[in-house]
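*Asks:* sequence and predicted model, in that order:
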Amino acid sequence: MSNERYIEEYMKKTPRSREFYEKAARKLAGGAESNIRLFKPYPLYLTHGRGQYIYDVDGNEYIDMISGMGAIILGHNDPEVRAAVIERVTKGGDVLGCPTDQSMHYIELVQKAFPSMELCRFSNSGTEATMNLIRIARAYTGKDCIAKAEGAYHGGHDYVLHALHLTDNELNSDPKRPPCLPYGSGIPKVVTEQLIKVIPYNDAEATAEILEKDQDKIACLILEPVMGGGGLIIPTDDFLTKVRKITEKLGIVLIFDEVLTGFRIAYGGGQERFGVNADLTALSKIAGGGFQMACIGGKREVMETILPKVQGTAAEVSAGMRNAVQVGTYNGHPTSLAAGGKTIEILGRSGTYEYLNKISDMLWGGLKDLLDDKKIVGSVNYIGPLGTIYFDCISANTWRETFCLNEAKWTHFFFGMMNRGVYLGIPHCDERFFLNKAHTEEDIQKILDTADEVLDEIKREG
Ligand SMILES: Cc1ncc(COP(=O)(O)O)c(C=O)c1O
């Protein structure tokens, strides 16, 4: 089957998505709600999800492996989460604008999973969470620069939209001294040139040198414990432990962006999985149980930077007697707290992660076996219910190593799976896909049987 044929097959199966796209593109920029959802010839338009399935406007059913971009871990429309949401909405007060009686219960649940989050606050998305934590780290240290890993995604604000791609000129730049390029236009030059330092993930020695050189300027290092925001790179060679020691020694705040890894790769995210605590942590996605919210928190002393310096009247406080500002109309949204709290409660029940790990080993191990049996070169990177395939890469332990990824094969794999009823995820080859608790062993077998067929096609086409 040629490239054209699998696209043709997609178009034959999804005529209403095409109609939607043609109408939507006139009024909704690009025809989609977010840049990342766009793909050619047009995106799949969905109507709803139930359990492990999602449904498109043509009535096609897919086994869902995008899982709400990682926000869904129990499957769609989980009955207990739905009941908690209905109860909260029925009680009344969609948004109250005052502290509520729900927050304490939620934070206690979070702290069981993430003991390093001694003092917490809420915000509304992963982007807001990392933006807030960077400000807190700056206020606490009195320093302005931030360090981030090359290739790591931490949301859509200016500070972190750096070092997410390399131009042809920079492709051969020294991997131990990654360049700092803004990702897209509209980012002030002064931010790129003066505020951002880039480190190579999984190279502790080079990271130490970069941090040491600018230790007087760098407020924080923001890292995903496992790089999952784009692709999937697992920490090797005690990278996280080493980075923890270096940042402590240099007085640099270590922020773990656990927006994606929190409650996914373990109940306590990367911190539980690798036994390394951050100073500050960002949680979102699963933490909202499918509704928009984020929970940020960390060392009491660092988080206290957001408290008013002096106790005063409301007028004095709003006149600017604070340290770092952390605000938001929708912070601690009642519906999100209800959905997120119920989700965390369910995840805390015995057997949840054992089951997720069991089906994950079955899927990723099975995919690796298929590649090996068919002698297709590729690397299957995974950690629990989070994984991806890098076609043509023998190993993928650093972001740069994934550049050998064969985009044509990945695209063929993506469409081949989708045309047969398995929706893998974000349709870009440097992304990753997710399993959730609603997937059954039969689903995993179906995904593997489908992959078997698609990989045969890829093999035939070379
Ligand atoms: C690791 C990580 N951090 C931050 C974000 C941004 O979260 P949001 O899209 O909720 O703003 C994402 C989104 O995918 C992410 O994967």
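*Replies:* Yep, it's here.
*Asks:* so which residue of the stretch 301-450 of the chain comes closest to the ligand?
*Replies:* Residue of the stretch 301-450 of the chain nearest the ligand, by Cβ to the nearest ligand atom: residue 426 (8.8 Å). For glycine as for every other residue, the C-beta is placed from the backbone atoms N, C-alpha and C.
*Asks:* for that residue, give me the pLDDT.
*Replies:* For residue 426, the pLDDT comes out at 74.
*Asks:* tell me how many other residues crowd it.
*Replies:* Neighbour count of residue 426, defined by other Cβ atoms under 10 Å: 18.
*Asks:* quick check: it touching residue 68?
*Replies:* No - counting by Cβ atoms under 8 Å, residue 68 is not a contact partner of residue 426; they are 11.1 Å apart.
*Asks:* quick one: the strands in the stretch 1-150 of the chain, in order.
*Replies:* 46-50, 53-56, 61-64, 119-123, 145-149 (DSSP state E, counting those that start in this stretch).
*Asks:* of the ones you listed, which stretch is the most buried?
*Replies:* Ranked by mean neighbour count, the strands of the stretch 1-150 of the chain are led by strand 145-149 with a mean of 25 (mean count of other Cβ atoms under 10 Å).
*Asks:* mind listing residues that contact stretch 402-419?
*Replies:* For stretch 402-419, the surrounding residues in contact (Cβ atoms under 8 Å, 6 or more residues apart in numbering) are 1, 3, 6-7, 9-10, 13, 44, 62, 171, 231, 233, 389-393, 396, 423-424, 427, 429-430, 447, 450-451, 453-455, 457-458, 461.
*Asks:* among these, name the buried ones.
*Replies:* 1, 6-7, 9-10, 13, 44, 62, 231, 233, 389-391, 393, 396, 423-424, 427, 429-430, 447, 450-451, 454-455, 458 (16 or more other Cβ atoms under 10 Å).
*Asks:* out of those, list just those in helices.
*Replies:* If you go by DSSP state H, the buried ones among the contacts of stretch 402-419 have 6, 7, 9, 10, 13, 447, 450, 451, 454, 455, 458 in helices.
*Asks:* closest to the ligand among the residues you listed?
*Replies:* residue 447 (22.4 Å).
*Asks:* tell me the pLDDT of the closest one.
*Replies:* 98.
*Asks:* now it: closest residue in space, sequence neighbours ignored.
*Replies:* Nearest residue to residue 447 in three dimensions, chain neighbours excluded: residue 422, at 5.4 Å (Cβ to Cβ, 6 or more residues apart in numbering).
*Asks:* wait, the one you found touches residue 66, no?
*Replies:* No - counting by Cβ under 8 Å, residue 422 stays clear of residue 66, with 10.7 Å between them.
*Asks:* how far away is the closest residue to residue 437 other than its chain neighbours from the ligand?
*Replies:* Distances taken as Cβ to Cβ, 6+ apart put residue 74 closest to residue 437, at 5.1 Å, once the chain neighbours are dropped. To the ligand, residue 74 is 18 Å away according to Cβ to the nearest ligand atom, to the nearest Å.
*Asks:* residues near residue 74, how many?
*Replies:* Neighbours of residue 74 (other Cβ under 10 Å): 22.
*Asks:* that one and residue 43: what is the separation?
*Replies:* 25 Å (Cβ to Cβ, to the nearest Å).
*Asks:* just for the stretch 1-150 of the chain, where's the confidence low?
*Replies:* 1-3 (pLDDT under 70).
*Asks:* who are the contact partners of whatever residue of it ends up closest to the ligand?
*Replies:* Going by Cβ to the nearest ligand atom, the ligand is nearest to residue 126 of the stretch 1-150 of the chain, at 2.2 Å. Residue 126 makes contact with 154, 155, 257, 259, 260, 282, 284, 285, 294 under the criterion Cβ under 8 Å, 6+ apart.
*Asks:* now list the buried members of the residues you listed.
*Replies:* 154, 155, 257, 259, 260, 282, 284, 285, 294.
*Asks:* and the ligand, which of these contact it?
*Replies:* Taking Cβ under 6 Å from any ligand atom as the test, the ligand is in contact with 154, 155, 257, 259, 260, 284 out of the buried ones among the contacts of residue 126.
*Asks:* counting only helices, which of those residues make the cut?
*Replies:* Short answer: these have none in helices (DSSP H).
*Asks:* in CSV, list the C-alpha atoms belonging to stretch 83-95.
*Replies:* Taking Å, rounded to 0.1, in the frame of the first residue of the first chain, the C-alpha atoms of stretch 83-95 are listed here in CSV:
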residue,chain,number,x,y,z
ALA,A,83,-21.2,10.4,39.8
ALA,A,84,-18.8,12.7,41.7
VAL,A,85,-19.1,15.4,39.0
ILE,A,86,-22.9,15.2,38.8
GLU,A,87,-23.1,15.4,42.6
ARG,A,88,-20.9,18.5,42.6
VAL,A,89,-22.7,20.2,39.7
THR,A,90,-26.1,19.4,41.3
LYS,A,91,-25.1,20.8,44.6
GLY,A,92,-24.7,24.2,42.9
GLY,A,93,-22.0,26.9,42.6
ASP,A,94,-20.2,26.2,39.3
VAL,A,95,-17.4,28.5,40.3
